[in-house]
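Colleague: got a predicted structure here, sequence first:
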Protein chains: 2
Amino acid sequence: MDLFVSNVTLRLDAKGRVSIPASFRSVLNRDGFDGLYCYPALDRPAIDAGGNALMSEIEALIARFPPYSEEREQFAAALYGTSETLRIDGEGRVVLSEHLKAHAGIKDAVAFVGLGQKFQIWEPERFRSELAEATQKVRALKAQLGSQSGARNAPGARE
Amino acid sequence: MDLFVSNVTLRLDAKGRVSIPASFRSVLNRDGFDGLYCYPALDRPAIDAGGNALMSEIEALIARFPPYSEEREQFAAALYGTSETLRIDGEGRVVLSEHLKAHAGIKDAVAFVGLGQKFQIWEPERFRSELAEATQKVRALKAQLGSQSGARNAPGARE
DNA sequence: GCCGCGTCCATTGACGCCCATATTGGCCCA
DNA sequence: TGGGCCAATATGGGCGTCAATGGACGCGGC
């Protein structure tokens, strides 16, 4: 398995530590990255996290803009400038910075959500509502695809 | 055989384990995927399950959206975020998570239903009524088609 | 010093893995 | 063609290991 999938909710202990789910850790290990690369998600109260794959993605995104262009500088600042590399302890735990926790509204528990190439860290309650909203959108798209292609479901549509 | 077909009902044991039908397992083996990829079906109380073929479908669906777009993030959360890869033990059994069981209303038995590229897992009673309803629709459709060409029974129909 | 952080150790509960049994269904042979 | 043998599937249970969590110790730095 080389993708982040599923979601789990785990609690922070008194020292602010939280275990990274074992399945996510194994993906990170395979990816070969010592630590956890993360930054506040651009347009939502969550933390984006991942390893080398995520860093490459960001690099590619920024490389689309010409060097020294305004957009490039802004993207670089927004992504690189706010990112952190968290240390993972012997038990597979990390300590989120105050800045990250504030951005996501995290208090004493977090939800780890697999997104394929990366994963996000949410305050559990906020994730619940986000998920409900997202599910509605997917349903709408599926309905759209279904009506376009007649009785047959389009490839990729859920039943 | 590289498609999931037919349906079987099996019981969960005291530890919540349930055998995957041997015919389904052989398809999964051919597909080359160690484990069972599954997620709650979008608009019905069932669990979608499969191997690499199913994962590719999801991947293709998400790839429609550009990286870092809001839609992509939401789709990834709704699809990858709710997926799980279940481990298959030496006897070909899996343990369904509480979340999955809750979605499908599963208690102590499940019905495995082949759908070609993937299969679904239902609470047996619910599947019976779903099947009855589907049969009605197929009958109605068949009546509409009347004596047209080869309007034989549609695949999956029960007389 | 005191506080924060990093490393190490302990507990407990879940889960993976192994072995045992049964019941089904197919196959072979008379 | 019928009976019985065999194999594979479905199911039950025990046990060891690992993950998640909590806490202790020690080395810095402000």
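Modeller: Ah, there it is.

Colleague: C-alpha only now, for contacts and for neighbours.
Modeller: Fine.

Colleague: name the residues that touch stretch A:71-79?
Modeller: Residues outside stretch A:71-79 that contact it (Cα atoms under 8 Å, 6 or more residues apart in numbering or on different chains): A:39, A:42, A:58, A:62-63, A:65-66.

Colleague: ditto for stretch A:96-104
Modeller: The contact list for stretch A:96-104, computed with Cα under 8 Å, 6+ apart, reads A:16-17, A:39-40, A:45-47, A:86, A:107, A:121-123.

Colleague: ok, now with 6 Å
Modeller: Under the contact criterion Cα atoms under 6 Å, 6 or more residues apart in numbering or on different chains, stretch A:96-104 has outside partners A:45-46.

Colleague: what of stretch A:36-46?
Modeller: For stretch A:36-46, using Cα under 6 Å, 6+ apart, the contacting residues are A:47-51, A:82-86, A:103-104, A:121-122.

Colleague: what about the residues you listed, which are in helices?
Modeller: A:103-104 (DSSP state H).

Colleague: ok, now which ones touch residue A:92?
Modeller: A:19-20.

Colleague: do you know how far it is from residue A:34?
Modeller: Residue A:92 sits 11 Å away from residue A:34, going by Cα to Cα, to the nearest Å.

Colleague: now swap in residue A:134 and tell me
Modeller: 32 Å.

Colleague: who has more neighbours, those two?
Modeller: Shown here are residue A:134 and residue A:34; by other Cα atoms under 10 Å in any protein chain shown, residue A:134 has more neighbours (21 against 14).

Colleague: how about the more buried one: what's its closest non-neighbour residue?
Modeller: residue B:74 (5.2 Å; Cα to Cα, 6 or more residues apart in numbering or on different chains).

Colleague: the residue in chain A positioned nearest to DNA strand C: neighbour count?
Modeller: Shortest chain A-to-DNA strand C distance, computed as Cα to the nearest atom of the strand: residue-wise this is residue A:89, at 4.8 Å. Look at residue A:89: counted by other Cα under 10 Å, it has 12 neighbours.

Colleague: quick check: mean pLDDT across whichever helix in chain A runs longest?
Modeller: In chain A, taking DSSP H as the definition, the longest helix is helix A:124-148. If you average the pLDDT over helix A:124-148, you get 88.

Colleague: return the distance of that helix from the chain's centre.
Modeller: 18 Å (Cα atoms, centre = their mean, to the nearest Å).

Colleague: check whether that helix contacts DNA strand D.
Modeller: No - contact between helix A:124-148 and DNA strand D is absent, the nearest approach being 12.8 Å (criterion: Cα under 7 Å from any atom of the strand).

Colleague: elements contacting that helix?
Modeller: Helices and strands touching helix A:124-148, by 3 or more Cα pairs under 6 Å, 6 or more residues apart in numbering or on different chains; DSSP states H and E, are helix B:70-79.

Colleague: from the middle of its chain, how far away would the helix it packs on be?
Modeller: 21 Å.

Colleague: quick one: that helix to helix A:124-148, angle?
Modeller: Here helix B:70-79 points in a direction 100 degrees away from that of helix A:124-148 (axes from the mean of the first three to the mean of the last three Cα atoms, to 10 degrees).

Colleague: which positions in chain A make contact with DNA strand D?
Modeller: Counting by Cα under 7 Å from any atom of the strand, chain A comes close to DNA strand D at A:10-14, A:18-23, A:91-93.

Colleague: intersect the residues you listed with the contacts of DNA strand C.
Modeller: Under the cut-off given by Cα under 7 Å from any atom of the strand, DNA strand C has residue A:91 from those close to it.

Colleague: need the max-distance pair from the residues of chain A next to DNA strand D.
Modeller: The most widely separated members of these, counting by Cα to Cα, are A:14 and A:23 (23.9 Å).

Colleague: out of those two, which sits in the busier spot?
Modeller: Each of residue A:14 and residue A:23 has its neighbours counted (other Cα under 10 Å); residue A:23 has more, 16 against 8.

Colleague: identify the residues contacting that one.
Modeller: Going by Cα under 6 Å, 6+ apart, residue A:23 touches no other residue.

Colleague: show me what the mean pLDDT comes to for the host helix or strand of it.
Modeller: Residue A:23 belongs to helix A:22-31 when assigned by DSSP states H and E. Mean pLDDT, computed over helix A:22-31, is 94.

Colleague: name the residues of that helix that come out as buried.
Modeller: A:23-28, A:31 (16 or more other Cα atoms under 10 Å in any protein chain shown).

Colleague: could you do stretch A:52-59 as well?
Modeller: Buried-residue list, stretch A:52-59, by 16+ other Cα under 10 Å: A:52, A:54-55, A:58.

Colleague: kindly reformat those residues as JSON lines containing pLDDT, distance to DNA strand C and secondary structure.
Modeller: Formatted as JSON lines, the buried residues of stretch A:52-59 follow (pLDDT from 0 to 100; distance: Cα to the nearest atom of the strand, whole Å; DSSP: H, G, I helix; E, B strand; the rest coil):
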{"residue": "A:52", "pLDDT": "93", "distance to DNA strand C": "20", "secondary structure": "helix"}
{"residue": "A:54", "pLDDT": "93", "distance to DNA strand C": "22", "secondary structure": "helix"}
{"residue": "A:55", "pLDDT": "92", "distance to DNA strand C": "21", "secondary structure": "helix"}
{"residue": "A:58", "pLDDT": "90", "distance to DNA strand C": "25", "secondary structure": "helix"}
